[in-house]
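>>> Here's a sequence, model it:
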Amino acid sequence: MAEFLTLSQAIETVRDGDTVAMEGFTHLIPYAAGHEVIRQGRKQLTLVRMTPDLIYDQLIGMGCAEKLVFSWGGNPGVGSLHRLREAVEKGWPNRLEVEEHSHAAMANAYEAGAANLPFAVLRGYKGVDLPKVNPTIRSVTCPYTGEVLATVPAIRPDVSIIHAQRADRAGNVLLEGIVGVQKEAVLAARRSVVTVEEVVDDLGPRSPNAIVLPSWTVTAISVVPGGAYPSYAHGYYKRANSFYQAWDPIARDRDTFLAWMREHVLERGPEDFASRLAKVA
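Numbering: from 1, shown residues only. Next comes the predicted model:
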């Protein structure tokens, strides 16, 4: 059952060497939680995310990760993730192993993990070179039709971290707007942390594509208003496009990056997260 904790308490569920998924599709990206992982100095993590962007650039640049499992990586609408590139190309701050998949494979792998299956089966990877560099992509012959299908191992994170709009006092969590694989990531994980904009007595009316995660699927809930900033939270605040643009020159240079992280992450707590970052965009 979900337990209400401070963000620092909740992130203590992340341990060195864990496989950690931080999901959110264009919005509801758990930036505040990612910063707390950095502040707590977690190391040797395997980071999983379909579309790693700025928060994974920061985690990688601060030496938290030893492996990245992903299907696309970049600064959306801007360009490369410079800390990710330097870790892969030059081994700074440490060498980063990468395991690349297609979006379809990642989504299916999360589904398999949520269903407690060992692997996912899909029609894909035909006529492409990715299987040549990713040995986890294999195949199986259908026992009914004889068709050869692609397989990928299920994603079963030690911890999945997401951001959502609100939780009720019983610990049920509501996500609205564009959703990705947050539900599957939570159901596939051994432990889960959800940051929310607010806690309410009742989750209230919801849109047709809304997702409710029952309390029993969640390990810890932390109230962190603005916890998805600079991404957006549908119904609460808009995407800070200027922050994504500003990140490019910050991340290009090691010293500039480290100075920014010291000032805005390491020397700050989770309090007033969004308004603080808004001042530096």
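
>>> C-alpha only now, for contacts and for neighbours.
Noted.

>>> residue ranges of the helices in this protein, please?
Applying DSSP state H to the chain gives helices spanning 7-11, 31-39, 54-61, 82-90, 103-114, 130-133, 182-188, 241-252, 254-261, 273-278.

>>> how about TSV for the ones you listed, with mean pLDDT and distance to residue 171 added?
Listed next are these as TSV, based on pLDDT from 0 to 100; distance: least, Cα to Cα, whole Å:
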stretch	mean pLDDT	distance to residue 171
helix 7-11	97	14
helix 31-39	97	18
helix 54-61	98	26
helix 82-90	98	35
helix 103-114	98	20
helix 130-133	94	41
helix 182-188	98	14
helix 241-252	97	32
helix 254-261	98	32
helix 273-278	66	22
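
>>> Please produce a markdown table containing the ones you listed, extended by mean neighbour count and distance to residue 228.
A markdown table is the format used below for the helices of the chain (neighbours: other Cα atoms under 10 Å; distance: least, Cα to Cα, whole Å):
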| stretch | mean neighbour count | distance to residue 228 |
| --- | --- | --- |
| helix 7-11 | 20 | 13 |
| helix 31-39 | 23 | 5 |
| helix 54-61 | 24 | 10 |
| helix 82-90 | 20 | 21 |
| helix 103-114 | 22 | 22 |
| helix 130-133 | 12 | 32 |
| helix 182-188 | 25 | 14 |
| helix 241-252 | 16 | 13 |
| helix 254-261 | 16 | 17 |
| helix 273-278 | 16 | 8 |
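
>>> between those helices, which one is nearest to residue 121?
Nearest to residue 121 among those is helix 103-114 (7.4 Å), distances taken as Cα to Cα.

>>> Any idea which of the helices of the chain gets closest to residue 220?
Of all the helices of the chain, helix 7-11 comes closest under Cα to Cα, at 5.9 Å.

>>> circling back: out of the helices of the chain, flag the one nearest residue 159.
Across the helices of the chain, closest to residue 159 is helix 182-188 (Cα to Cα), at 8.1 Å.

>>> what sits up against the closest one?
21, 23-24, 110-116, 155-157, 160-162, 192, 211, 213, 217-218 (Cα atoms under 8 Å, 6 or more residues apart in numbering).

>>> Now, those that are in strands?
Those of the contacts of helix 182-188 mapping onto strands are 21, 160, 161, 162, 192, 211, 213, per DSSP state E.

>>> what's the nearest residue to the last one if we skip its chain neighbours?
In space, residue 213 comes closest to residue 173 once its chain neighbours are excluded; the distance is 5.0 Å by Cα to Cα, 6 or more residues apart in numbering.

>>> Report how many residues lie close to the one you found.
By other Cα atoms under 10 Å, the residues close to residue 173 number 26.
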